[in-house]
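# Please find the sequence and the predicted model below.
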Amino acid sequence: MARDQHDFLIVGGGSAGSALANRLSADPGNSVLVLEAGRPDYPFDVFIHMPAALTIPIGNRFYDWRYESEPEPHMNGRRIYHARGKVLGGSSSINGMIFQRGNPLDYERWGREPGLENWDYAHCLPYFKKMETCRAGADEFRGGDGPIILERGPATNPLFKAFFEAVQQAGYSLTDDVNGYRQEGFAPFDRTISRGRRWSAARAYLHPAMKRPNLEVRTRAMVGRVIFENKRAVGVEYRQARGPAKTARARQVILCGGSINTPQLLELSGVGNAAELSALGIDVVADLPGVGENLQDHLEVYIQYACKQPVSLAPALKWRNRPLIGLDWLFFRRGPGATNHFEGGGFARSNEAELYPNLMFHFLPIAIRYDGSAPAAGHGYQVHIGPMYSDSRGSVKIRSRDPRVHPAIRFNYLSTGQDRREWQEAIEVARKILNQPAFEPYNGGELSPGPSVESGQEILEWVRRDGETALHPSCTAKLGTDEMSVVDPSSMRVHGLDGLTVVDASVMPYVTNGNIYAPVMMVAEKAADLILGNTPLAPEPVAFFRRDTNEVP
């Protein structure tokens, strides 16, 4: 036990954990240990590294933790499947590779919370830039020499051209860069792809650092609890594969398991709602009722249309074509295998009263679900659509003292009037776009939900039947200073405890507008400076688009 002693012990080699492993081990005087419960991201594993293979790891027990919610009361009692990465790189190794920072006003909202004044957009922007190599070009908003390589979608399929024309015909705008001055609008998307290969957090941060003698990564190592001496975290207990329990000790334990595993591990370790922990026979270390509360996510649906012309990517799905597509990717990193196909989309407001966009669209030149299934044979296209700022709140709570038992997850989708209203508006906006003249040469009729779904109530019933998570769980151990906050925004330490910090999507106070990988990595970059005691990067108070004034005052 004495020999297994480290300065920093990172629980979780996923997105945030990979970034922290790199930044904390950059000083050769720091000994860093990463414990990842999943498998390595082997370089020969095409299911991870081929962008178009993203549907294969999701739902596969070798790559995915395969969580399910409790029966959702406002979704007809359905259990909503929820994929989370079970591999180095975490969910960045199995996600859709879409890179969205969120709207600058998301971070202004963060900064208005007590104690979060240094988490507004001006303070977050330099960390976004630090982590990026934006191949579309660096500027006052975008970085040019960071670890995360971003390639913008070519969006050359004629269906993308029709989509961008249609949004303008419907009264919406194009924008140069949804991650730049103006998020509102439609454009090709940044993607974490480099020369035809997925560029996960593990590839960007972890693997370049693994040759350092002061960094050790252990995979298939499931942590069961954090070990405390009084109010100080001094290590963890874990099992590697099916082996015996082991102990690793550290000056600082950093939880990077994500918005489901982090609150689970905190509760298993005696940190959480005291009454709930005592009911399970767990000794209470710190009574923090906010642990596992405030769960936020994005729900989405696919609106799918048949295509009258043979221009979609449907042929790429045919088994007879897959060997050649695979070979083209394997040897040349090109062709349908070299893209995630989420090459464009945008952000819009569901009504004129909204001050900034509350809807996100992903357009695909094919009609297909995340699991790879298509609604019908033949050509098609679709948009993924959903509200970004649901005021529904859920929870993650352990149901057992066994870390292998998944916690009870409740999202409470569609539980509020605002949520239900925005969903009706979202479908109306999507249909308005997809039925513009630009699509007339291709529009073969709506496949899903279909023309029989018209009224607001029919739309809500369809969403209850067909809605899926966009895989953006967050906010279950939020930054803040109120009684329901868990993490100190100035140090990332868990309130009332020493030696224990949290750095992952669980610390977000509010979910951002868009996919959450980019915000998580920004949080990790900023947290690395806070943990090391470095002088934070200077804020950059740039002007950005806002509808009320068109710029920051």
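Alright, I've got the coordinates.
# From now on I want contacts and neighbour counts done on CA atoms only, so please keep to that.
OK.
# Flag every buried residue along stretch 28-39.
31-39 (16 or more other Cα atoms under 10 Å).
# buried ones in the helix or strand hosting residue 526?
Using DSSP states H and E, residue 526 falls within helix 517-532. Buried residues in helix 517-532, defined by neighbour count with 16+ other Cα under 10 Å: 517-531.
# now swap in stretch 412-424 and tell me
In stretch 412-424, counting by 16+ other Cα under 10 Å, buried: 412-415, 419-420, 422-424.
# Excluding its own residues, what touches that stretch? List them.
72-75, 299, 350, 386-387, 390-394, 456, 459-460 (Cα atoms under 8 Å, 6 or more residues apart in numbering).
# how far is that stretch from where the chain is centred?
Here stretch 412-424 is found 21 Å from its chain centre; the criterion is Cα atoms, centre = their mean, to the nearest Å.
# Tell me the spacing between the closest residue to residue 497 other than its chain neighbours and residue 285.
Spatially, and ignoring its direct neighbours in sequence, residue 497 is nearest to residue 231 (5.2 Å; Cα to Cα, 6 or more residues apart in numbering). The gap separating residue 231 from residue 285 is 7 Å, by Cα to Cα, to the nearest Å.
# what does residue 4 give?
Distance from residue 4 to residue 285, by Cα to Cα: 24 Å.
# Looking only at neighbour counts, state which of the two leads.
residue 285 (21 against 12; other Cα atoms under 10 Å).
# With adjacent residues omitted, what lies nearest to that one?
Ranked by Cα to Cα, 6+ apart and with sequence neighbours excluded, the top spatial neighbour of residue 285 is residue 270, at 4.9 Å.
# wait, the one you found sits on residue 286?
Yes - Residue 270 is in contact with residue 286 according to Cα atoms under 8 Å; the separation is 6.6 Å.
# Direction included, what does the lengthiest strand in the chain pair up with?
Using DSSP state E, we find that the single longest strand of the chain is strand 245-255. In the sheet, strand 245-255 lines up against strand 5-11 (parallel), strand 232-240 (antiparallel), strand 500-502 (parallel) (DSSP bridges).
# Out of the ones you listed, which one sits most buried?
Burial of the strands paired with strand 245-255 is given as mean neighbour count (mean count of other Cα atoms under 10 Å); strand 500-502 ranks first at a mean of 26.
# For the chain, just list every one of the helices.
Under the criterion DSSP state H, helices of the chain are mapped to 15-25, 46-49, 104-111, 121-131, 158-169, 201, 207-209, 258-268, 274-279, 322-332, 417-434, 456-466, 517-532.
# mind checking which of those helices is nearest residue 345?
Among the helices of the chain, the nearest to residue 345 by Cα to Cα is helix 158-169 (8.3 Å).
# in the closest one, what counts as buried?
So, applying 16+ other Cα under 10 Å, buried residues of helix 158-169: 159-160, 162-169.
# can you put those residues in a markdown table and add pLDDT and distance to residue 317?
Formatted as a markdown table, the buried residues of helix 158-169 follow (pLDDT from 0 to 100; distance: Cα to Cα, whole Å):
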| residue | pLDDT | distance to residue 317 |
| --- | --- | --- |
| 159 | 98 | 17 |
| 160 | 98 | 19 |
| 162 | 98 | 22 |
| 163 | 98 | 22 |
| 164 | 98 | 25 |
| 165 | 98 | 27 |
| 166 | 98 | 26 |
| 167 | 98 | 28 |
| 168 | 98 | 31 |
| 169 | 98 | 31 |
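# and of those, the nearest to residue 106?
Nearest to residue 106, judged by Cα to Cα, of the buried residues of helix 158-169 is residue 167 at 24.0 Å.
# Next up, the contacts around the closest one.
173-174, 186, 433.
# can you list the residues you listed in TSV and add pLDDT?
Putting the contacts of residue 167 into TSV (pLDDT from 0 to 100) gives the following:
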residue	pLDDT
173	96
174	98
186	98
433	98
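# Which member of those residues is positioned nearest residue 277?
Nearest to residue 277, judged by Cα to Cα, of the contacts of residue 167 is residue 186 at 46.9 Å.
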